[in-house]
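K.L.:
this is the structure alone, sequence omitted:
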């Protein structure tokens, strides 16, 4: 055979091998690569799910560890949302906040409001009290009083407040009339 014929045959044979490789790749390798990609994605998603669930379990175990003493938890909840109206406790808290803030408590009144209806049978109904407080002091102390009242342990919402000068132009005193709603459990 001539050299040119050998070259043409080798080129043709190389082309046939190349076409054979493409057929094998398209028929066997490419579908398996797709399956491998799906399985890798499944493995990654399961690992992520496992890590998330492990983190959730660890967080729950940490919370359980923190709140092992249910009595202290109940006591903490009872401070924020007491089991009864406890008007004297409210008055003591308001008086303490007023003393710490440097303002003078001039009036205090409490009016019970209706219970909120509960749709769940196991949940206690919430009662609420409307508290009207009047205090006198300088601007900075009144601001401190209002902030302390809002961040008090007992859950309460400031409904309205009225801020006005005392009427004496030589004095830098102001009056603050505050209406607050506070809650308790039935």
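P.N.:
Yep, that arrived. Keep in mind the model is a prediction, meaning the values are calculated, not measured. Numbering: from 1, shown residues only.

K.L.:
any weak-confidence spans in this protein?
P.N.:
Across the chain, the ranges flagged by pLDDT under 70 are 67-81, 83, 115-125, 169-171.

K.L.:
quick check: longest helix of it.
P.N.:
Scanning the chain for the helix with the most residues, using DSSP state H, yields helix 30-66.

K.L.:
and that helix, what does it pack against?
P.N.:
The elements that helix 30-66 packs onto, with contact taken as 3 or more CB pairs under 8 Å, 6 or more residues apart in numbering; DSSP states H and E, do not include any helix or strand. Bear in mind the C-beta positions are built from the backbone N, C-alpha and C, glycine included.

K.L.:
give the buried residues for it.
P.N.:
Buried residues in helix 30-66, counted by 16 or more other CB atoms under 10 Å: none are found.

K.L.:
so how far is it from its chain's centroid?
P.N.:
On the basis of CA atoms, centre = their mean, to the nearest Å, helix 30-66 sits 25 Å off its chain's mean C-alpha point.

K.L.:
just stretch 102-116 next, same as before
P.N.:
The gap between the average C-alpha position of stretch 102-116 and the chain average comes to 29 Å, counting by CA atoms, centre = their mean.

K.L.:
show me which positions of that stretch end up buried.
P.N.:
Going by neighbour count (16+ other CB under 10 Å), the buried part of stretch 102-116 is 103, 105, 108.

K.L.:
what does it contact?
P.N.:
Contacts of stretch 102-116 from elsewhere in the structure, counted by CB atoms under 8 Å, 6 or more residues apart in numbering, are 85, 87, 90-91, 94-95, 98, 125-138, 141-142, 144-145, 175-176, 181, 186.

K.L.:
those, buried ones only, as a ChimeraX selection?
P.N.:
To isolate the buried subset of these in ChimeraX, counting by 16+ other CB under 10 Å, use the following:
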select :90,94,98,126,127,128,129,131,133,135,136,137,141,142,144,145,175,176
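
K.L.:
residue 19 belongs to a strand?
P.N.:
No: when classified by DSSP: H, G, I helix; E, B strand; the rest coil, residue 19 is found to be helix rather than part of a strand.

K.L.:
okay, now it: neighbour count?
P.N.:
Residue neighbour count, defined by other CB atoms under 10 Å, stands at 10 for residue 19.

K.L.:
before we move on, the earlier item: from the buried residues of stretch 102-116, pick the one nearest residue 60.
P.N.:
Checking the buried residues of stretch 102-116 against residue 60 with CB to CB, the nearest one is residue 108 at 43.2 Å.
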